[in-house]
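**Student:** Prediction below, plus the sequence it came from.
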Amino acid sequence: MTLTVTRTQWLQDNGVHVAVAALLLFNALFTANFLTVGNFRTQLIQSAPVLIVALGMALVIGTEGVDLSVGAVMALAAAVIPLYLGAGPVVAILMALTAGLAAGALNGFLVAKVGIQPIVATLALLVGGRGLALVIADGQLVQLHDPAFLALGTDDLLGIPISVLIAGALALLVAAVTNRTTFGRQLVAVGGNRRAAALAGLPVDRVLVGVYVICGVLAAISGVLATSRLGASDPADMGLLMELSAITAVVVGGTPLTGGRVRVLGTVMGVVLMQLVRATLIKHNLPDSIAQMIQAAIIVAAVYVARERR
Amino acid sequence: MPTDPVIEVAGVTKTFAGVRALDDVDFTLHRGEIHALVGENGAGKSTLIKVLTGIHAADRGRISRNGRISTIYQEVNLVPLMSVAANLFLGREPRTRFGLVDRARRDAAAAELLSGYGITADVRSPLGTLAVGEQQMVALARAVEADADVVIMDEPTSSLEPREVETLLDVVRKLHEAGIAIIYVSHRMDELYRICDAVTVLRDGRNVHSGPLKDLPRIELVSLMLGRSVTEIRRHGTTAFGEDHHADTRPVLEALDLTSKPRINGVNVSVRPGEVVGLAGLLGSGRTETAKAIIGALPLDHGTVLVAGKPVPHNVKAATRAGISMLAEDRKTEGIIPNLSVRENIVLAALPRLGRFGITSRARQDRIVDAFVKRLRIKVSSPEQKVAELSGGNQQKVLLARWLCTEPRILLLDEPTRGIDVGAKAEVQALIDELAREGLAVLLISSELDELLDGADRLVVLRDGEVAGELEGDRLTREHVLAAIAAEVMDDADSH
Amino acid sequence: MTLVRTKAVQRQGAAVALVLVIAVSWLVFPRFGSLDNLRDLALQGSFLAVIALGMTFVIITGGIDLSVGSLYALGGVLAAWASQYGFLAALALPLLVCGAIGLINGLLIARTNMAPFIVTLASLLFARGLLLAITDEGATTYQIAPDSAFVELGRGTVFGFGYPIFLAAGLCALGGLVLHRTGFGQNVFATGGAEQSAVLMGVPVVRAKIAVYTASGTLAGLAGALTAAYLQSGVTVIGVGTELDAISVVVIGGTLLTGGTGTVLGTVIGVGLIKVIQNVINQIGTLDSNYQSVVSGAFLLVVVVLQRTLRR
């Protein structure tokens, strides 16, 4: 009895690491050209935008919430970039991040102050946000030519792609915020028991607004990096279905949807796992259709292992 | 008395995660009898009920049921958003000849049925709009209507007003006359002795006594429940508070004219440093609401809270900063954060003070947590253990520690010993005493009169949201409190 | 008392808004009131109404079904492919397959205590994957023979109004009857209103949940089949985000996402509101069609904020 409990617990905590290790081993043995610097580069570059969004999503899910609007926020950020790129890349990026901040503040306000369920509150922005981005961009894809801005998505620093460095730094930052700051501990407490947290004098509303703002800004950063890599502002496709990828990574990484716990390393590994699955399937010439069905099975398996027992 | 058993249970044992909730229990319910089932919290009453109704399967033992059982629970288990009539007939709605729910017939039947229970509300309105007592009555009506041979009532009167209790007891008598057997779970001695024929006492999962109730003296029944000898109870009372000597100083907490209609109306309470003031009154008299109003968690129509003579803005944060802390009644939903560790639960409220620039300091946390674990004698394998794994008594101590490390001047304790076992209860009571002696001002809410009489230096008695009397010194007796609650005018109780 | 009044406001609020929007559109846009436009409007709404009907049941049990958009697309592709084997096959195959996926959703949610959100998210991916698998990764679009009886189902008309409109109306009427006037409907409300209590009251909660997800999947498949019949082909790229439209109209119609309360009529009104607004935006020739989703989002926002503040 106790043995099964510990085993389940162990699987919940380490399942994602085991899966990543197994997949790496499989590829090392059976996939041609897998253990190459070039391949790892590609995998990391492709993972970076999802990871950045997933970090914010993990924090939101830790408060027993969810943010469906992240993909739309990426599109908004992408749409804002060309408007301000004339004033220099820094201004353009700052404006994009401001858009993310405003979107997050709106979500946070609806959840914390108005008291609307997170799914519905962020659904409104998911439905309307991309439309707004398209209206801003006049429905057009805009090619970008600012070399400094494009460098963000294509250049290396110390041999590592800048976007990967940024994603890594943000992961460390979010881990530190979660585990080492008052805000992080309050966030987890709010997710674990909101009423108790309020009665303990915690600034529940401020924490919630803060979490959604962070999530919005991270989504905007992801939108900026993806836009830079693409070399074009494409609000129609930017971040499409990103909310699903991010939620999947967080959940596969072992953060429970019921809140009260944030696993940052697990989230990173969740992103890596889903990326590896996709890469493995592609490298073995399995079509996208099979890839999607396998992803579905992985999600169900991960949540089944992590589910709260009655 | 008829001797034909409707329920017979022999040698039932049930274990949860290694803990024996029921240990070789025998229990017989005869047709048409009202059988009291009593015991302290955790004695195994709920488990026995769940085994009887088939929600839990027994690990061992034999159960025979010769009739349909229907249960009403302490918390109303109905659907608040559905109409009263829909709740009453859920699962056995009258049908039209097309097989559809006949709403007209259902509503008419519901109205007629409920009038027999003293309920005149519109049966088409959502159940949630009714008062809790009325909801309880609907639950009872539903249970009875299910053509049950046995009705199990789990603390049915705990949330009822006196008037509603009488209606409920009338209904119970009617059921009795109709030959329905009843298992009646309650802590209220008066009710038990008024209506029950037989009694079964559970303690630590065992049946320690079964037999006719009227032959059993009350003090004997209490001693069976608590497992202490009668003489010991006479000598020490049932609680573990010591004597108190509070300093005769100015009040550190003054709550003036607290009004939040309809719950409380013009309540005045003051507490001096080192003093334990008890808030007495029936459930629903406004005890918890008064405490929540003081901490700023209940919106006020008007009223002021002064700490050391200075007014405190009406919100939880300001109150906490001014030195007021509240231990909520419902540990599970308003107290512990279950998935966090003991350490994190303790430091939660004090976090901003334990770090710099929003960065927490683990070393300072550990020091404080160690100190409180020792001082409050919290039993944990390590401070990193999850708080959900602790016993009720230890969880309560963790919450107490959470507040103590914010260095409060005023502690509001709402039912601090509810649902924790007898030994831990005595420890928590002794702790409250100790804290007051160290100079804390304590406002103690308890529905156990003995706990209040033993623990408090002064009692404020509430009735229907208003102060019905203040008692101290010689007048701190059971009789005076009951008189104040019952609104009897006693010459000296009225002069305040 | 306030609860009762609020309920009335929620239900009638959407109805009043619909009447107002229609009245204003009628006056301002001459083409809005034309029979052609109204027919088109009703037809467009009927597909969404069929999906939203299932969603209404799911949301009243306190759940959510994200898979309907994918199932809608999958249903269309399956119908188009099966149409070569006749009318019955074209209708039955999408209902069976999508119903089966809905059944799996229901079983996982009701029996294993997994969150509806995540289970149906997985089946969203799965159904989309299945769709790609049977269309050569989306490269093949199955055509339906223009003279087949199945196309008639989508394109046939009575007084110019398409069959799907009558089918959707009939299904919604039936759905309303099931929800409000049968024992099953009562179980659905009880499940979403207070699940633990419902269990103790003997309500077959597990069965109710399995049933609503199965129904939701089946209805999404049906909507896909009707769309395929109307378009005369199994278009692979439709249905992305349709689940969000369905959830939006249900919420706008006054059904609370927390479960336990809601009406089919409200959902139909919600469909009407969204479709009329989209229609009007299309009529303003100068306005970017992207404003449709902006207005839908803003509208959803206003409705949920109003719902929330009125309940206080």
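**Tutor:** Cool, got the structure.
**Student:** Check B:Asp491 and give its pLDDT.
**Tutor:** Looking at B:Asp491, its pLDDT reads 40.
**Student:** now B:Arg194
**Tutor:** So, for B:Arg194, pLDDT stands at 87.
**Student:** Against B:Ser125, how distant is C:Met201?
**Tutor:** 19 Å (C-beta to C-beta, to the nearest Å). C-beta coordinates here come from the backbone N, C-alpha and C atoms, glycine included.
**Student:** These two: who's more crowded?
**Tutor:** When neighbours are counted by other C-beta atoms under 10 Å in any protein chain shown, C:Met201 and B:Ser125 differ, and C:Met201 comes out ahead with 22 against 15.
**Student:** Excluding covalently adjacent residues, which one is nearest to that one?
**Tutor:** B:Leu90 (5.7 Å; C-beta to C-beta, 6 or more residues apart in numbering or on different chains).
**Student:** Which pLDDT value belongs to residue 289?
**Tutor:** Picking chain A for this. A:Ser289 is given a pLDDT of 87.
**Student:** Can you look at chain B instead?
**Tutor:** pLDDT, read off for B:Glu289, is 87.
**Student:** The one 3 residues further on now?
**Tutor:** Reading off the per-residue confidence, B:Lys292 sits at a pLDDT of 90.
**Student:** Show me which residues of chain B are close to chain A?
**Tutor:** B:17-18, B:295, B:297, B:316-317, B:319-321, B:326, B:328, B:333-340, B:344, B:348-349, B:351-352, B:355, B:358-360, B:402, B:406 (C-beta under 8 Å from any C-beta of the partner chain).
**Student:** Can you tell me which of those residues are buried?
**Tutor:** For those, a neighbour count by 16 or more other C-beta atoms under 10 Å in any protein chain shown gives the buried set as B:295, B:297, B:316, B:319-320, B:326, B:328, B:334-340, B:344, B:348-349, B:351-352, B:355, B:360, B:402, B:406.
**Student:** Sort out for me which of those are in helices.
**Tutor:** B:295, B:316, B:319-320, B:334, B:344, B:402 (DSSP state H).
**Student:** Give me the distance from stretch A:198-215 to the chain's centre.
**Tutor:** 20 Å (C-alpha atoms, centre = their mean, to the nearest Å).
**Student:** what about it and chain B, any contact?
**Tutor:** Yes - Stretch A:198-215 reaches chain B (C-beta under 8 Å from any C-beta) through A:198-203.
**Student:** and of these, the nearest to C:Phe117?
**Tutor:** A:Ala198 (25.0 Å; C-beta to C-beta).
**Student:** and the closest residue in space to the closest one that isn't next to it in sequence, how many neighbours?
**Tutor:** Nearest residue to A:Ala198 in three dimensions, chain neighbours excluded: A:Val204, at 4.9 Å (C-beta to C-beta, 6+ apart). Residues near A:Val204, counting by other C-beta under 10 Å, number 20.
**Student:** Contacts only, for A:Val204.
**Tutor:** A:112, A:190, A:194, A:197-198 (C-beta atoms under 8 Å, 6 or more residues apart in numbering or on different chains).
**Student:** which of the residues in stretch B:62-76 are buried?
**Tutor:** Buried, per 16+ other C-beta under 10 Å, within stretch B:62-76: B:63, B:65, B:67, B:69-74, B:76.
**Student:** correction: stretch B:364-382
**Tutor:** So, applying 16+ other C-beta under 10 Å, buried residues of stretch B:364-382: B:365, B:368-369, B:372-373, B:376, B:378, B:380.
**Student:** if we can go back for a sec, for the ones in helices among the buried ones among the residues of chain B next to chain A, which one is nearest chain A?
**Tutor:** Of all these, the one with the least separation from chain A (C-beta to the nearest C-beta) is B:Thr320, at 3.6 Å.
**Student:** so is the closest residue to the closest one other than its chain neighbours in a helix, a strand, or just coil?
**Tutor:** Leaving aside its sequence neighbours, B:Thr320 sits nearest to A:Gly201 (C-beta to C-beta, 6+ apart; 3.6 Å). Following DSSP: H, G, I helix; E, B strand; the rest coil, the label given to A:Gly201 is coil.
**Student:** who touches A:Gly201 in this structure?
**Tutor:** Taking C-beta under 8 Å, 6+ apart, one finds B:316-317, B:319-321, B:349, B:406 in contact with A:Gly201.
**Student:** What separation is there between it and A:Ile221?
**Tutor:** 33 Å.
**Student:** now do A:Thr63
**Tutor:** Distance from A:Thr63 to A:Ile221, by C-beta to C-beta: 20 Å.
**Student:** So for those two, which residue has more residues nearby?
**Tutor:** Per other C-beta under 10 Å, whichever of A:Thr63 and A:Ile221 has more neighbours is A:Thr63, with 28 against 25.
**Student:** tell me which element residue 222 falls in.
**Tutor:** Chain wasn't specified; assuming chain A. When elements are assigned from DSSP states H and E, A:Ser222 belongs to helix A:204-230.
**Student:** Let me rephrase: I mean chain C.
**Tutor:** helix C:205-231.
**Student:** Surely the residue nearest to C:Met201 and B:Asn77 touch.
**Tutor:** No - with contacts counted by C-beta atoms under 8 Å, B:Leu90 stays clear of B:Asn77, the gap being 11.3 Å.
**Student:** shared neighbours, those two?
**Tutor:** C:Met201.
**Student:** Can you show me the helices along the chain?
**Tutor:** Since no chain was named, I'll use chain A. Counting by DSSP H, the helices of chain A are A:2-30, A:37-62, A:70-84, A:89-108, A:118-136, A:147-154, A:162-180, A:182-192, A:194-199, A:204-230, A:242-252, A:264-283, A:288-306.
**Student:** try chain C instead
**Tutor:** C:2-28, C:35-60, C:68-82, C:87-112, C:116-133, C:149-155, C:163-181, C:183-193, C:195-200, C:205-231, C:242-252, C:264-283, C:291-310.
**Student:** Show me what from the stretch 1-150 of chain C comes close to chain A.
**Tutor:** C:64, C:108, C:112-115, C:117-119, C:121-126, C:128-133, C:137.
**Student:** now could you export just the CA positions of stretch A:114-133 as PDB?
**Tutor:** In PDB, the C-alpha atoms belonging to stretch A:114-133 read as follows (Å, rounded to 0.1, in the frame of the first residue of the first chain):
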ATOM      1  CA  VAL A 114     -14.200  40.900 -11.200                       C
ATOM      2  CA  GLY A 115     -14.000  37.300 -10.100                       C
ATOM      3  CA  ILE A 116     -14.400  35.600 -13.500                       C
ATOM      4  CA  GLN A 117     -13.200  32.000 -14.000                       C
ATOM      5  CA  PRO A 118      -9.800  32.100 -15.600                       C
ATOM      6  CA  ILE A 119     -10.900  30.000 -18.600                       C
ATOM      7  CA  VAL A 120     -13.700  32.500 -19.500                       C
ATOM      8  CA  ALA A 121     -11.700  35.600 -18.700                       C
ATOM      9  CA  THR A 122      -8.800  34.600 -21.000                       C
ATOM     10  CA  LEU A 123     -11.100  33.100 -23.600                       C
ATOM     11  CA  ALA A 124     -12.400  36.600 -24.400                       C
ATOM     12  CA  LEU A 125      -8.800  37.700 -25.300                       C
ATOM     13  CA  LEU A 126      -8.200  34.500 -27.200                       C
ATOM     14  CA  VAL A 127     -11.200  35.100 -29.400                       C
ATOM     15  CA  GLY A 128     -10.600  38.900 -29.800                       C
ATOM     16  CA  GLY A 129      -6.900  39.300 -29.500                       C
ATOM     17  CA  ARG A 130      -5.800  37.700 -32.700                       C
ATOM     18  CA  GLY A 131      -8.500  39.700 -34.500                       C
ATOM     19  CA  LEU A 132      -7.200  42.800 -33.000                       C
ATOM     20  CA  ALA A 133      -3.700  41.900 -34.100                       C
END
